[in-house]
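**Student:** Coordinates for the following, if possible.
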Amino acid sequence: MNQQQLKAKISSISNKLTSIQQNLPNRIFLTCETANSYAANKFLFEDVGARFCIITAIDTDRCLELIYHYCFDQIGCIIHLKVLVYDKQSPSVESITPFLPAAEWIEREIHDLYGIDFKNHPRLKRLILADDWPQGVYPMRKEVKK
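**Tutor:** This is a model prediction of the structure:
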């Protein structure tokens, strides 16, 4: 598969995405709402055959962002899927561990540090924070740093 074929394949799920951008030759930036996160991730992993790398999280002023990073090694392309989580009071998104077990620990880490609930995660319990860390306090959230 070349880059044109990859872009054509991605455009087949454009109804699940709010934006598709390619500002750099070997990087594709996709954005979706939380309701479409599971389907978009599953598509990239199973249908496109992209290799899952990691998930990063960011606390912005307006929402929490999850960025799922995938590599398409055959053509040296990186695909970033940004998921916008607007409900900062009780943030949640569907876990991708049912089809991608390698995401289990990074979802647990993000849950610890940002308080995002990964629905249908097989074992969403603390990974990094101490057992006596206060419930509802997430060290990477902006309100904790004030």
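
**Student:** which SS state does Y70 fall under?
**Tutor:** Three-state assignment for Y70 (DSSP: H, G, I helix; E, B strand; the rest coil): strand.

**Student:** Is the residue sitting furthest away from the middle of the chain in a helix, a strand, or coil?
**Tutor:** Ranked by distance from the centre of the chain (Cα atoms, centre = their mean), the top residue is D132, with 27.9 Å. Secondary structure assignment for D132 (three-state DSSP): coil.

**Student:** what are the phi and psi values for it?
**Tutor:** The phi/psi pair for D132 (degrees, to the nearest 10) reads phi -90, psi 10.

**Student:** and if you look at the one 10 residues further on?
**Tutor:** Note on K142: backbone dihedrals following degrees, to the nearest 10 are phi -60, psi -40.

**Student:** hang on, the earlier thing: for the residue farthest from the centre of the chain, give its distance to R126.
**Tutor:** D132 sits 11 Å away from R126, going by Cβ to Cβ, to the nearest Å. From N, CA and C alone the C-beta is placed, and that goes for glycine too.

**Student:** Could you list the buried residues of the longest helix along the chain?
**Tutor:** If you go by DSSP state H, the chain has its longest helix at helix 104-114. By 16 or more other Cβ atoms under 10 Å, the buried positions in helix 104-114 come out as E104, I106, E107, R108, E109, I110, H111, D112, L113, Y114.

**Student:** For it, name the packing helices and strands.
**Tutor:** Helices and strands touching helix 104-114, by 3 or more Cβ pairs under 8 Å, 6 or more residues apart in numbering; DSSP states H and E, are strand 51-59, strand 117-119.
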